[in-house]
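Trainee: All I have is the shape, not the residue letters:
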């Protein structure tokens, strides 16, 4: 039996809650409400059940998407939407056109231990991350929590093979 070559090194890159950015975006919503102002045309305002996360790409070159590693500690649903490389949160507001399709959706039900997900879209999104990692040091994600979930209930990372 022929021996296989060395297995690729796997990198587990966590999605980290960006509390500062989430707070900044919530303050934007509050500011608009207080002034009775409207959002910029096409601007994405953060809803209460949404938070901003990030991945810091410690290794940018030669990454191949392997899988999502998502753990929900109670039943519910999360939707993970990436943002385009054109968005610089310290300079501009998030615009809806900067949200990437498809989103990855993961959910678990009360009566099931299995994690369900929109497999085709989540895999396509994951594969795009390999390409985006080549040109970005940081990637931001809009995560929407529903069915009773909140950031404390989520542990999420993306696993890549390093080629």
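Mentor: Received, thanks. Since this is a predicted model, take the numbers as computed values, not measurements.

Trainee: what bridges to the most centrally placed residue in the chain?
Mentor: Centroid-nearest residue in the chain, with Cα atoms, centre = their mean: residue 141, separated by 3.5 Å. For residue 141, the beta-bridge partners are residue 53, residue 82 (DSSP bridges).

Trainee: Now residue 142. Nearest residue, chain neighbours left out?
Mentor: Leaving out its chain neighbours, the residue that sits closest to residue 142 by Cβ to Cβ, 6 or more residues apart in numbering is residue 81, at 4.6 Å. C-beta coordinates here come from the backbone N, C-alpha and C atoms, glycine included.

Trainee: and if you look at residue 132?
Mentor: Counting by Cβ to Cβ, 6+ apart, the residue nearest residue 132 is residue 139, at 5.9 Å.

Trainee: for the strand or helix carrying the one you found, what is the average pLDDT?
Mentor: Using DSSP states H and E, the element containing residue 139 is strand 138-146. Averaging the model's pLDDT scores along strand 138-146 yields 95.

Trainee: who's in contact with it?
Mentor: Outside strand 138-146, the residues that touch it by Cβ atoms under 8 Å, 6 or more residues apart in numbering are 15, 18, 21, 44, 46-47, 49-57, 76-83, 87, 89, 94, 99, 129, 132-133, 151, 153-154, 156.
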